[in-house]
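**Q** sequence and predicted model, in that order:
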Amino acid sequence: MVTYLCTIAGVSRSGYYNYFSAKSQKRRKENDQKDEIAKEIILKAFHFKGRKKGARQIKMTLAGQFEVVYNLKRIRRIMKKYDIICPIRKANPYRRMMKATQEHRVVPNLLNRQFKQNVPGKVLLTDITYLYYGKGEKAYLSTIKDASTNEILAYHVSNRITMDLATDTLLKLKKNRNFRKVKDALIHSDQGTHYTHPGFQKLVNKLGLRQSMSRRGNCWDNAPQESFFGHFKDEAVIKVCTNLEELKREIKNYMTYYNHYRYQWGLKKMTPVQFRDHLLRAA
């Protein structure tokens, strides 16, 4: 009977008896105990700073914060075994908010997707996204991101999508003491009405920046900025905020986490601030 069932299952008779041997059962028990220990360590990284993470984020957080080195294969196996689910980014197609009027001016795409120039302050990316929170409330987030380091240098939150949403973000960039503008620095955006507006363009010139714009309808020309918004919406806890002040506090906490504690694979497994300092030391 055993031989027949082994044939049906596609396993050898010796393998069947070996699986149920005292030695094998003892080994599986020991492995389960080791996995339980690994699970608790991985969960510490998974919940670090209250932000759920994927396998690569967990690996970098373990090394950077807990001095624990696990390979990705082990982390993924433990996550699968214990149903530790990481956030999955949802498709969020770019939606144009308004059309520019005749007084607005589109500028050429000077950046041409040359995002990573390994010079902090050389390439700045900016954009605006919408946020739903509370009981159907809507707010808007404007950010300026350093393309070389992924650091968020300035941001502004508002419940209205007025022109000062973009210009106030520029003014906050000016006040950021950690921002060092370098020669030929530029700020890149889409062709949204905020960025083609004469007031925004005048302030860009006043700050000594060049201006660059994506081609019409081409979200890939500002892909790193779009990527940040995707991660932000997956990881920040914004839907439970009941008012604008709560939303602003959560966004402030997330920006601190993102810049100082969120390790990134493409930054040599450093945080944006760590990578910025690394580039400045190497210069």
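**A** Looks like it came in fine. Numbering: from 1, shown residues only.
**Q** which of the helices or strands spans the residue nearest the centre of the chain?
**A** Residue closest to the average C-alpha location in the chain (Cα atoms, centre = their mean): His231, at 3.9 Å. Assigned by DSSP states H and E, His231 belongs to helix 223-235.
**Q** what about Asp146, neighbour count?
**A** For Asp146, the neighbour count with other Cβ atoms under 10 Å is 24. Yep, even glycine has a C-beta here, placed from its N, CA and C like the rest.
**Q** which phi and psi does it have?
**A** Torsion angles at Asp146 (phi, psi; degrees, to the nearest 10) stand at phi -80, psi 120.
**Q** got the buried residues for stretch 219-237?
**A** 221-222, 224-226, 228-229, 231-236 (16 or more other Cβ atoms under 10 Å).
**Q** pLDDT check: weakest of those?
**A** The member of the buried residues of stretch 219-237 with the lowest pLDDT is Asp221, at 80.
**Q** and that one, how far is that from Thr271?
**A** 26 Å (Cβ to Cβ, to the nearest Å).
**Q** which secondary element of this protein has the worst mean pLDDT?
**A** The helix or strand of the chain with the poorest confidence is helix 13-19; it has a mean of 69 (mean pLDDT, DSSP states H and E).
**Q** tell me which helix or strand comes right after it.
**A** Helix 13-19 is succeeded, C-terminally, by helix 22-46 (DSSP H and E).
**Q** specify the next element, helix or strand, located C-terminal of that next one.
**A** Going down the chain from helix 22-46, the next helix or strand is helix 55-65, by DSSP H and E.
**Q** tilt between that following helix and helix 223-235?
**A** If you take axes from the mean of the first three to the mean of the last three Cα atoms, to 10 degrees, helix 55-65 sits at 80 degrees to helix 223-235.
**Q** give me the buried positions along helix 55-65.
**A** Across helix 55-65, burial judged by 16+ other Cβ under 10 Å covers Ala55, Arg56, Gln57, Ile58, Lys59, Met60, Thr61, Leu62, Gly64.
**Q** next: stretch 28-37.
**A** For stretch 28-37, by 16+ other Cβ under 10 Å, it's Asp35.
**Q** pull the CA atoms of it into PDB?
**A** What follows is stretch 28-37, C-alpha atoms only, in PDB (Å, rounded to 0.1, in the frame of the first residue of the first chain):
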ATOM      1  CA  ARG A  28      12.200  20.300  11.100                       C
ATOM      2  CA  LYS A  29      11.300  21.300  14.700                       C
ATOM      3  CA  GLU A  30      14.700  22.900  15.100                       C
ATOM      4  CA  ASN A  31      14.300  24.800  11.800                       C
ATOM      5  CA  ASP A  32      10.800  26.000  12.900                       C
ATOM      6  CA  GLN A  33      12.300  27.300  16.100                       C
ATOM      7  CA  LYS A  34      15.000  29.200  14.100                       C
ATOM      8  CA  ASP A  35      12.300  30.500  11.800                       C
ATOM      9  CA  GLU A  36      10.300  31.800  14.700                       C
ATOM     10  CA  ILE A  37      13.300  33.700  16.000                       C
END
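**Q** OK, contacts around Arg76?
**A** Taking Cβ atoms under 8 Å, 6 or more residues apart in numbering, we find Arg76 in contact with Ala55.
**Q** where's it, which helix or strand?
**A** helix 72-81.
**Q** adjacent strands (with direction) for whatever helix or strand comes next after that helix?
**A** Where DSSP H and E defines the elements, the next helix or strand beyond helix 72-81 is strand 123-133. In the sheet, strand 123-133 lines up against strand 137-146 (antiparallel), strand 186-189 (parallel) (DSSP bridges).
**Q** wait, which of these is closest to Phe115?
**A** For the strands paired with strand 123-133, proximity to Phe115 was assessed by Cβ to Cβ; strand 186-189 is nearest, at 8.6 Å.
**Q** which residues of the stretch 1-150 of the chain score low on pLDDT?
**A** 2, 5, 16-17, 19-20, 87-103 (pLDDT under 70).
**Q** Thr126: which of the buried residues of helix 55-65 is nearest?
**A** Gln57 (25.0 Å).
**Q** enumerate every residue touching the nearest residue to the closest one once chain neighbours are set aside.
**A** Once flanking residues are discounted, Gln57 sits nearest to Tyr263: 6.5 Å by Cβ to Cβ, 6 or more residues apart in numbering. Tyr263 makes contacts with Gln57, Met60, Thr61, Ala63, Gly64, Lys269, Met270, Thr271, as judged by Cβ under 8 Å, 6+ apart.
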